[in-house]
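Q: What follows is a predicted structure for the sequence shown.
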Amino acid sequence: MKTTIPDQTQCNRVEPTLYMALELGEKSWKLGFSVGLGQKARLRNIVAGDRQALKRELARGKRRFGLKPEVTVWSCYEAGREGFWLHRYLRREGIHNHVIDSSSIEVNRRARRAKSDGLDARKLVEMLIRYGLGETRVWRVVRVPSRQDEDDRHLHRGLKTLKRERTAVGNRVRGLLKTQGITWVGSVVGFKEAQLETLRDWEGAKLRVGLKGRLVTQIRRYQELTLQIGEIQKQRRQQLRESAKEDPKLDQIRALESLKGIGINGAWTLVMEAFGWRDFRNRRQVGGFVGQTPSPFQSGQTRREQGISKAGNDWCRDVLGELAWTWVQYQPSSELTLWFKQRYAHGGPVARKVGIVAVGRKLMVQLWQFLEWGVIPPGAVFHSSL
């Protein structure tokens with residue numbers, strides 16, 4: 001199921017509409033109400049998450065502006081800690097809600113600008129009115145996933161989080177040993193607590209009790225994380241192998257895995273975050289989704305490139321960097337690899353870094369075309385066993 005946004009052809013709307021902006025705080029929510037441009041916003045506070053209070057303030061807002069109870073209501077709030085449950089609740093109540101990308105909201109460019117929940121609520125409701133009247137470029141609306149699509153993202157995100165935490169713990173163990181003049185180059189996963197008794201610091205003395213206790217705690221945490229990572233990886237492989245019914249997402253993952261250079265981590269992330277439920281209309285939308293579109297700066301005679309925007313999906317962008325290198329390694333005859341080698345491979349580290357980002361962007365587009373229309377990336381080869 002895909003969440004769709006109503007058609008924004010509201011330029012000539014004449015029926016009355018109540019606009020409501022929600023500035024969501026941890027302890028309280030600021031509500032801003034208005035009925036049109038030039039109308040001073042009505043601000044109210046409620047306890048965070050209090051749906052009954054939200055209903056009451058909504059009804060009071062309608063009475064305050066002389067609107068009928070069945071009047072159309074438009075609302076918005078910034079994407080953040082509350083996630084999408086509030087969006088689904090408002091939609092269920094018949095409210096046309098929109099979740100807004102915070103980075104797309106225009107702000108005053110003064111070095112010191114006033115900032116408060118009240119000002120933010122007023123700004124949001126003004127922009128919501130402009131958006132409702134047809135100015136759709138005033139901000140970017142977040143595409144809300146279905147509950148199933150949202151749930152499917154937890155597996156790989158949880159796995160990535162555990163890997164990051166394990167890396168941090170491993171670095172902490174090595175750092176603690178380094179403070180005593182001990183360089184540990186092996187893996188922490190096979191470290192035995194008895195080995196701590198054999199370690200000696202810079203002057204040949206045994207490790208002290210406090211340091212030893214802290215190391216034991218960190219080593220156990222590392223091993224625990226390794227077991228959790230293994231369980232999730234096993235669950236993911238089993239899900240791919242034993243899926244009884246046809247699942248379009250799993251079919252897409254298998255299709256991507258059939259290409260050399262793409263493993264289960266990259267395929268799973270790209271499908272669950274992007275290809276499995278998002279509708280891309282062109283290659284520019286694909287590049288914009290991962291934040292790998294250029295950011296030019298032009299003012300008068302000044303023209304320069306600021307690099308990629310990095311305003312897209314972090315999970316896909318991270319894995320694309322890894323996939324770009326593996327693609328160059330395992331797909332040496334592909335058109336994309338040959339382009340990279342001809343243009344960037346003989347440059348310095350900076351040039352190769354720039355080139356590999358370009359490879360990732362082009363690869364994302366080619367994989368989208370491969371899944372959407374069956375267009376094989378030029379020169380790409382498949383695993384011989386598949």
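A: Looks like it arrived, so ask away.
Q: tally of neighbours for Gly355?
A: By other C-beta atoms under 10 Å, 19 other residues sit near Gly355. Any C-beta I mention is one placed from the backbone N, CA and C, and that applies to glycine too.
Q: What of the one 5 residues further on?
A: Neighbouring residues of Gly360 were enumerated by other C-beta under 10 Å; the total is 23.
Q: how close does Leu119 sit to Leu24?
A: 15 Å (C-beta to C-beta, to the nearest Å).
Q: now do Asp117
A: 9 Å.
Q: pretty sure Gly132 contacts Tyr19?
A: Yes - if you go by C-beta atoms under 8 Å, Gly132 and Tyr19 touch, sitting 6.8 Å apart.
Q: shared neighbours of the two, anything?
A: Residues touching both Gly132 and Tyr19 (C-beta atoms under 8 Å, 6 or more residues apart in numbering): Trp74.
Q: Of those two, which one has the most company?
A: Taking other C-beta under 10 Å, Gly132 and Tyr19 do not tie; Tyr19 has more neighbours (27 against 22).
Q: which residues of the stretch 1-150 of the chain fall in strands?
A: All strands of the stretch 1-150 of the chain, identified by DSSP state E, counting those that start in this stretch, fall at 17-24, 28-34, 42-47, 72-78, 96-100.
Q: How far does the fourth one sit from its chain's centre?
A: Per C-alpha atoms, centre = their mean, to the nearest Å, the displacement of strand 72-78 from the mean C-alpha position of its chain is 23 Å.
Q: Is the residue nearest to Gly276 when sequence neighbours are not counted in a helix, a strand, or coil?
A: Nearest non-adjacent residue to Gly276, counting by C-beta to C-beta, 6 or more residues apart in numbering: Lys249, 4.1 Å away. Here Lys249 is recorded as helix under DSSP: H, G, I helix; E, B strand; the rest coil.
Q: Please give me every residue in contact with the residue nearest the centre of the chain.
A: Closest to where the C-alpha atoms of the chain average out (C-alpha atoms, centre = their mean) is Asn313, at 3.8 Å. The contact partners of Asn313, taken as C-beta under 8 Å, 6+ apart, are 273-274, 289-291.
Q: Where neighbours are concerned, which of those residues has the most?
A: Sorting the contacts of Asn313 by how many neighbours each has (other C-beta under 10 Å) puts Val290 first, at 27 neighbours.
Q: any idea how far Gly288 is from the residue nearest to the centre of the chain?
A: 10 Å.
Q: these two touch, right, Val107 and Ala114?
A: No - contact between Val107 and Ala114 fails when scored by C-beta under 8 Å: they sit 10.9 Å apart.
Q: quick one on the thing from earlier: which of the contacts of Asn313 has the weakest pLDDT?
A: Across the contacts of Asn313, the bottom pLDDT score, 85, is held by Gly291.
Q: which SS state does that residue fall under?
A: coil.
Q: Poorly predicted segments of the stretch 101-250 of the chain, please.
A: Low-confidence segments of the stretch 101-250 of the chain, defined by pLDDT under 70: 244-245.
Q: Could you pull out the helices in it for me?
A: For the stretch 101-250 of the chain, applying DSSP state H, counting those that start in this stretch gives helices covering 117-132, 147-152, 154-178, 209-242, 248-257.
Q: between those helices, which one is nearest to Glu322?
A: helix 154-178 (11.5 Å; C-beta to C-beta).
Q: from the chain's centre, how far out does that closest one sit?
A: Centroid separation for helix 154-178 versus its chain: 20 Å, with C-alpha atoms, centre = their mean.
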